[in-house]
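Student: Everything below, folded, please.
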Amino acid sequence: MNWMNGRKGSWACFLVIAITVLFSVPSCDVAKPTHPSALTDTPISTTTIVSGSADTPTPNSTPTATDTPTNPYPAPTLVNPASGATIMGGELIHFSWQWDGALQERERFDLRIWRPEKPAYTVAMARESGFPLDTPLDGFGEYQWQVAVVRIDGSGNKSLLSESQISPFVWIDVPPTSTPTATPIPIPIPTPTPTPTQTPIADAVVNAENLNLRSGPGAVYDRLGVLEQGDPLRVTGRNLAGDWLRVIASDGQEGWIAASLLEINVPLADVATAQAPPTPTPMYTPTPTVTPTPELLVAPTLLEPKADAGDFAGSVVLKWRWERPLEKDEYFSIRVRNEKEGECHHTQVQEPTYVGGLSYCPSGEYYWQVAVVRKLCEDCPNEQKWQTLSQPSEDWLIRYQTLDEGDGEESESKEPKEPK
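Tutor: Predicted structure coming up:
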């Protein structure tokens, strides 16, 4: 009993102590600061919000370099002929320019040459930065030229990408040389003798204007007369080198003519070698000239285009090879002809490649060949200017098309197709 009373007194004491502790704990409100100075212990952020951001530039922001792309098509720079230059007629002129860009697949250089008083027109469109011409396009006089970079679409239309400045030049005629009538040579009138004029003379045909008929195989012999282009001739002999032929003209006059200036219709191998007359003794001491080569050198070897190459339009690309480099006065002589019209293009170059148009050649199939010649003088007549040094190459076939006709104000050449 006393133990039980003792147990009850202990529990009562524990309950009193627990209630006392519970009510003696301070509330949460007491832990909070009550004075305003307590707010300064943790300062409030004072960050300012700026209108706009780095992703959205303000209207006054400066555009970056990518807003205005750099022009990828600079203007070509004209090189030759120089501005204000004077060009002599009859010489091969290589129009050239420089460009810092790189042509894409459908991009071309558009070469324009025109007279100041006439509309501009396109002469050629090519990928190379150059184009040769040997004759003025619209007669002698003042010209202007320019090069543009264009792009050609699938329909053949072209759009301008850039263009050079316009450069003037003058194309003048070669100063005239003395004509046969200026110093007539007295020729005694022979007694008329019958000549076999009933048979047509067709062994050879004159292929140059105002061709001299001489008393021997060379320019040092006397001139007997002048023949016109297209005159028929009978071939009666040749010299040892085969570069001069003894002929009879349609009027019965006999003399010698350079073989390179004739369209020959008979095999030269079947023509007998004729004895040349003695070289005339000059009345003065002549200027030393190169002695004609007694034997012709090996002919150049043609390389391109092959016989099965595609058609060429406006310009052609011809390539060949020879046994040694040319001397300063030596040239490659290129001749283009067909069976119907005869020779229609003849030019000389010093590199074993020709890129350009075929003067006076209408559309059709042609044969081309190359021989090596030497220039003997600058101002003498054409038949006395060149000496043949090599055999002519083989005749190779080429198919050629002239420039397409435009709308009456402009004509345009097509890019030559690459050989297969």
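Student: going forward, measure contacts between C-alpha atoms and count neighbours the same way
Tutor: Will do.
Student: Next, the distance between the ends of stretch 85-104.
Tutor: 32 Å (Cα to Cα, to the nearest Å).
Student: Please, where are all the strands along the stretch 101-250 of the chain?
Tutor: 107-114, 122-126, 130-133, 141-152, 158-163, 167-172, 204-206, 211-214, 223-227, 232-238, 244-249 (DSSP state E, counting those that start in this stretch).
Student: Run through the stretch 301-420 of the chain and note the low-pLDDT ranges.
Tutor: 307-310, 404-420 (pLDDT under 70).
Student: tell me the contacts of the closest residue to Val247 other than its chain neighbours?
Tutor: In space, and not counting its chain neighbours, Val247 is closest to Val235: 4.5 Å by Cα to Cα, 6 or more residues apart in numbering. Residues counted as contacts of Val235 (Cα atoms under 8 Å, 6 or more residues apart in numbering) are Asp203, Ala204, Leu245, Arg246, Val247, Ile248, Val271.
Student: which one among these gets closest to Pro72?
Tutor: The shortest gap between Pro72 and any of the contacts of Val235 belongs to Ala204, at 57.7 Å (Cα to Cα).
Student: Excluding chain neighbours, what is closest to the closest one?
Tutor: Ranked by Cα to Cα, 6+ apart and with sequence neighbours excluded, the top spatial neighbour of Ala204 is Ile264, at 4.4 Å.
Student: burial count for the one you found?
Tutor: Applying other Cα atoms under 10 Å, we find 18 other residues in the vicinity of Ile264.
Student: same check, this time on Asp379
Tutor: Other residues close to Asp379 by other Cα under 10 Å number 12.
Student: and Thr122, how far is that from Arg106?
Tutor: The spacing between Thr122 and Arg106, counted by Cα to Cα, is 17 Å.
Student: Comparing those two, which residue is more hemmed in?
Tutor: Regarding Thr122 and Arg106, a neighbour count based on other Cα under 10 Å identifies Thr122 as having more, with 19 against 12.
Student: what is the closest residue to that one other than its chain neighbours paired to in the beta sheet?
Tutor: The shortest distance from Thr122 to any non-neighbouring residue, by Cα to Cα, 6+ apart, is to Arg112 (4.5 Å). In this entry, Arg112 is beta-bridged to Thr122, Gln146, by DSSP bridges.
Student: Quick one, which of the strands of the stretch 101-250 of the chain gets closest to Ser363.
Tutor: Ranking these by proximity to Ser363 (Cα to Cα) places strand 122-126 first, at 16.6 Å.
Student: Tell me what angle that closest one forms with strand 107-114.
Tutor: In terms of direction (axes from the mean of the first three to the mean of the last three Cα atoms, to 10 degrees), strand 122-126 departs from strand 107-114 by 160 degrees.
Student: Please name the nearest non-neighbouring residue to Leu297.
Tutor: Beyond its immediate neighbours in the sequence, the residue positioned closest to Leu297 (Cα to Cα, 6+ apart) is Ser390, lying 4.1 Å away.
Student: Then Lys158?
Tutor: Spatial nearest neighbour of Lys158, chain neighbours left out: Ile152 (4.3 Å); criterion: Cα to Cα, 6+ apart.
Student: Is it correct that the one you found is in contact with Ala126?
Tutor: No: here Ile152 does not reach Ala126: they are 11.8 Å apart, not a contact under Cα atoms under 8 Å.
Student: Find residues that contact each of these two.
Tutor: Taking Cα under 8 Å, 6+ apart as the contact definition, Ile152 and Ala126 share the neighbouring residues Arg108.
Student: So for the two, which sits in the more crowded spot?
Tutor: When Ile152 is set against Ala126 and neighbours are counted by other Cα under 10 Å, the residue ahead is Ala126, at 19 against 14.
Student: tell me the pLDDT at the more buried one?
Tutor: At Ala126 the predicted local distance difference test score is 83.
Student: beta partners of it?
Tutor: Ala126 has these beta-bridge partners by DSSP bridges: Phe109.
Student: ok, now Ala258?
Tutor: Taking DSSP bridges as the rule, Ala258 bridges to Trp244.
Student: and it, how many neighbours?
Tutor: By other Cα under 10 Å, the residues close to Ala258 number 24.
Student: Lys328 too?
Tutor: Other residues near Lys328 number 9, with proximity taken as other Cα under 10 Å.
Student: again, but for Pro305
Tutor: Number of residues near Pro305 (other Cα under 10 Å) recorded here: 20.
Student: Please apply the same query to Trp114.
Tutor: Here the number of neighbours of Trp114 (other Cα under 10 Å) works out to 20.
Student: wouldn't it be in contact with Gln146 here?
Tutor: No: the pair Trp114 and Gln146 does not pass the contact test of Cα under 8 Å, sitting 9.1 Å apart.
Student: and the gap between the nearest residue to Cys377 once chain neighbours are set aside and Ala258?
Tutor: Nearest residue to Cys377, sequence neighbours excluded (Cα to Cα, 6+ apart): Lys385, at 5.3 Å. Here Lys385 is placed at a distance of 11 Å from Ala258 (Cα to Cα).
Student: And the strands in the stretch 251-400 of the chain?
Tutor: Listed in chain order, the strands of the stretch 251-400 of the chain (DSSP E, counting those that start in this stretch) span residues 254-258, 262-264, 301-304, 312-313, 316-321, 330-338, 342-349, 353-356, 364-375, 386-388, 396-401.
Student: what does the model give Pro33 for pLDDT?
Tutor: Confidence per residue is given as pLDDT, and for Pro33 that number is 41.
Student: What is the nearest of the contacts of Val235 to Cys377?
Tutor: Distance ranking of those against Cys377, using Cα to Cα, places Leu245 first at 21.9 Å.
Student: Point out where the stretch 151-300 of the chain drops to low pLDDT.
Tutor: Low-confidence regions of the stretch 151-300 of the chain, defined by pLDDT under 70, span residues 175-202, 281-294.
Student: Just give the number of residues close to the residue nearest to Thr122.
Tutor: The number of residues packed near Arg112 is 19, by other Cα under 10 Å.
Student: show me what contacts it?
Tutor: The neighbourhood of Arg112, defined by Cα under 8 Å, 6+ apart, consists of Ala120, Tyr121, Thr122, Val123, Ala124, Trp145, Gln146, Val147.
Student: One more: Gln275?
Tutor: Contact analysis of Gln275 by Cα under 8 Å, 6+ apart lists Asn239.
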